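Engineer: Predicted model and sequence below, questions to follow.
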Amino acid sequence: MTAPRILDELGAKLSELAASSPARDIEKNVKALLGSAFGKLDLVTREEFDVQREVLAHTRQKLAELELRVAALESELTRERTERDTE
């Protein structure tokens, strides 16, 4: 996500300002405030996202297989009923 990059860029800019002025406390406070704000958002890491994408892909594949299996069973059931009705 872009949130860590934004924090890094903001941190770098604040560090530059702090080097030329006594603003270390402000930097710490801003970082803490932003970290808290981002922590309250429902953000996930790239790793978590990738894992969930793989799980979803596997689930979709399994669903497609099960749909084919159900269709085959329904077809077989229909065929058996038709044979029974024609006897």
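Structural biologist: Right, received. Where do you want to start?
Engineer: Have a look at the protein and report the helix or strand with the lowest mean pLDDT.
Structural biologist: When the helices and strands of the chain are scored by mean pLDDT, DSSP states H and E, helix 3-20 comes last with a mean of 75.
Engineer: Contacts for that helix, please.
Structural biologist: Residues from elsewhere that reach helix 3-20, judged by Cβ atoms under 8 Å, 6 or more residues apart in numbering: Ala23, Arg24, Ile26, Glu27, Val30, Lys31, Leu34, Gly35, Phe38, Leu41, Leu43. Bear in mind the C-beta positions are built from the backbone N, C-alpha and C, glycine included.
Engineer: Could you export these as a markdown table, including distance to Arg60?
Structural biologist: What follows is those, written out as a markdown table (distance: Cβ to Cβ, whole Å):
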| residue | distance to Arg60 |
| --- | --- |
| Ala23 | 51 |
| Arg24 | 51 |
| Ile26 | 49 |
| Glu27 | 46 |
| Val30 | 43 |
| Lys31 | 40 |
| Leu34 | 37 |
| Gly35 | 36 |
| Phe38 | 31 |
| Leu41 | 28 |
| Leu43 | 24 |
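Engineer: tell me the angle the helix or strand Arg84 falls within makes with helix 3-20.
Structural biologist: In this structure, Arg84 sits in helix 46-86 according to DSSP states H and E. Relative orientation of helix 46-86 and helix 3-20, computed by axes from the mean of the first three to the mean of the last three Cα atoms, to 10 degrees: 170 degrees.
Engineer: so for helix 46-86, what's the average pLDDT?
Structural biologist: Per-residue pLDDT over helix 46-86 has a mean of 95.
Engineer: The chain should start at 55 in everything you say after this.
Structural biologist: Fine by me, first position is 55 from now on; the one you just mentioned is helix 100-140.
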